[in-house]
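Visitor: A predicted structure for the sequence below; I have some questions about it.
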Amino acid sequence: MLLRPFGLLCVLLTTVLYTQAQNRPNIIFILSDDHAYQATSAYGNKLVQTPNIDRIANAGALLNNNFVANSICGPSRATLLTGKYSHKNGYTLNEKRYDVNQTNFPTLLQQGGYQTAWIGKLHLGSLPVGFDYFNILPGQGQYYNPEFINNQNDTIQYKGYVTNLISEFFFDWLQKRDTSKPFFAVVGEKATHREWLPDVQDLGAYDNIDFPLPDDFFDNYDTRLAAQDQDMTIDKTMLLDLDLKVHQKFGTALKDAADAGPNKRYVNKGYARLDPEQAGAYEKYYGKISADFDAKKLSGKELVKWKFQRYLKDYYATAKSLDRNIGRILDYLDSTGLSKNTVVIYASDQGFYLGEHGWFDKRFIYEQSLKTAFVAKYPGVIKPGTKVAGFVSNVDWAPTILDFAGIKAPADIQGRSFFSLLKGKEPKDWRKDVYYHYYEYPQPHHVSPHFGIRAKDFVLVRFYKGVESWELFNLKKDPGEKVNVYKDTQYAKVVKDLKERLRKLIVEYEDKEALEIINKEI
Ligand code: SGN
Ligand code: CA
């Protein structure tokens, strides 16, 4: 007799837990590569529309201050997986091997009953662990007719354009997944990485737009030693042929030219992979551009301005396919009814320069590469149109996703869930500053390693190894970070205060290398 009510209680409890498990949301993380926040209409671009990224932002939240820990591809993904800074997860620079033996949050999701998948670009030098399914691009991957490595460790080449293929592989997986479990999936996009090869249907999509030059396009890097030392300008580093496709050969024409000798170095760049139809469309489009370029006989500033226009036209045309494919994913979720209980996140691995300071690429602590896009919708939970002003770092992405799934983050994770910020409430003790540390040097792009603090109104940074210097920017007066006021005595108090705050972060995150440097100086 006594067992009866107890038995009933058990059934009730199991039902409650089961229902809770059923209600746990699916989570899709669309992670692009090098897609600048300022390239999206959600973040205020007036010339180029990204209707589908905006769709996520409008239906949910947009983070206005989402910063990365280390502005470069592989390290950013390692931080996503671990919720830790590069010095803790060991992946400080690209082309290393990510240590798969450390705890990553997808494994915790699996243990919590989630089904997990990674489709597309990973770029961690090792196969993913913590994923029930994967189909990833090797390394940086290719835009046209790319290879993918699947779960069985088979490398298979597919015909088509990478962004479209990634969506298709994602839909295939959604159809064959175990529907009794909630899922977490990363859709890892290759777009908009260098060399910005648009889908054939998007060639010339922005030819009618004359993009305005950023006001600091001809920056002389006065007062900033590391900026004087970099190798990432549109003027000197961006190549007319390999990047901007002037007189570039495609498909078999390139292979033939390579056999002849001088074009050998181009073959690996992906241009030789285009099939005759794709190569024909590219020849037609870039042939005209090359003829126009020859006719203009440009030099000096006019040549740099021309390169800038071509760069942005290719960059945005590549991004067009990215946004369209995000739209396909959203439509798929709507049409299958999955939308209701699915969190959709769109973010880029880091920010990117679109001509600011005369640059492309990323790496610096300066705003355009430090800050990255992050929009997320969670129907019924995040209020449509939410704007988050609080400071978020990509170390926070992992614990936030675990929070969505109702799973506790491990104690050694360095980030903190910002779920409450997405719901419109910032905890009183939420962080006021973020910490940054970049390592890769000297190649590519010759940016000195540096660590620093981004506070509300100031950035303080210490460069080392390449150039040895401190920089301070007053973001209120100088949002473009053009005047280093570190040595200005007016700022002595600010410097002292920020150095202390920086040191506190270094101690908190246990960054020994930075601690050694800063301890000698304060
Ligand atoms: C390649 C690019 C660089 C880029 C890095 C890292 N050169 O080396 O311009 O900074 O990747 O990019 S390329 O000529 O091969 O395109 S990241 O996004 O993977 O960090
Ligand atoms: Ca990247």
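Guide: Looks like it came in fine. Ligands and ions are numbered 1, 2, ... in the order given.
Visitor: host element of the residue in the stretch 151-300 of the chain positioned nearest to ligand 2?
Guide: Closest approach of the stretch 151-300 of the chain to ligand 2 (C-beta to the ion) occurs at H193, with a separation of 6.1 Å. C-beta: built from backbone N, CA, C; applies to glycine. Per DSSP states H and E: H193 is located in neither a helix nor a strand.
Visitor: count the residues that sit near it.
Guide: Close neighbours of H193, defined as other C-beta atoms under 10 Å, add up to 22.
Visitor: so who does the closest residue to ligand 1 within the stretch 251-400 of the chain touch?
Guide: Residue nearest to ligand 1 within the stretch 251-400 of the chain (C-beta to the nearest ligand atom): D361, separated by 4.9 Å. Taking C-beta atoms under 8 Å, 6 or more residues apart in numbering as the contact definition, D361 lies against R194, M232, T237, F352, Y353, S369, H445.
Visitor: pull the number of nearby residues for the last one.
Guide: One way to gauge burial is a neighbour count; for H445, by other C-beta under 10 Å, it gives 19.
Visitor: and it, how far is that from S299?
Guide: From H445 across to S299, the span is 25 Å (C-beta to C-beta, to the nearest Å).
Visitor: so what's the residue of the stretch 251-400 of the chain closest to ligand 1 scoring on pLDDT?
Guide: With respect to pLDDT, D361 scores 98.
Visitor: ok but it is inside a strand, no?
Guide: No - counting by DSSP: H, G, I helix; E, B strand; the rest coil, D361 is located in no strand; its state is coil.
Visitor: wait, does stretch 82-99 contact ligand 2?
Guide: No - shown here: stretch 82-99 not in contact with ligand 2 (C-beta under 5 Å from the ion), separated by at least 8.8 Å.
Visitor: run through the residues of this protein sitting next to ligand 1.
Guide: 33-34, 72-73, 94, 123, 140, 193-195, 361, 444-445 (C-beta under 6 Å from any ligand atom).
Visitor: in helices only, show me those residues.
Guide: Per DSSP state H, helices hold the following members of the residues of the chain next to ligand 1: C73.
Visitor: name the nearest of the contacts of D361 relative to R55.
Guide: Of all those, R55 sits closest to F352, with 22.0 Å by C-beta to C-beta.
Visitor: and that closest one, what is it in contact with?
Guide: D34, H35, A36, A39, T192, F360, D361, K362, Q368, S369.
Visitor: return a PyMOL selection command for the buried portion of these.
Guide: Buried members of these, defined by 16 or more other C-beta atoms under 10 Å, are picked up in PyMOL with:
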select buried, resi 34+35+36+39+192+360+361+362+368+369
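Visitor: hang on, the earlier thing: closest one to ligand 2 out of the residues of the chain next to ligand 1, please.
Guide: Nearest member of the residues of the chain next to ligand 1 to ligand 2, counting by C-beta to the ion, is C73, at 3.4 Å.
Visitor: buried ones in the longest helix seen in the chain?
Guide: Longest among the helix segments of the chain by residue count, using DSSP H, is helix 300-336. Judged by neighbour count (16+ other C-beta under 10 Å), helix 300-336 contains these buried residues: 304-330, 332-333.
Visitor: taking this protein, what residue is nearest to ligand 1?
Guide: Closest point on the chain to ligand 1, by C-beta to the nearest ligand atom, is C73, at 2.9 Å.
Visitor: okay, that residue: pLDDT?
Guide: pLDDT, C73: 97.
Visitor: same question, T15
Guide: pLDDT for T15: 42.
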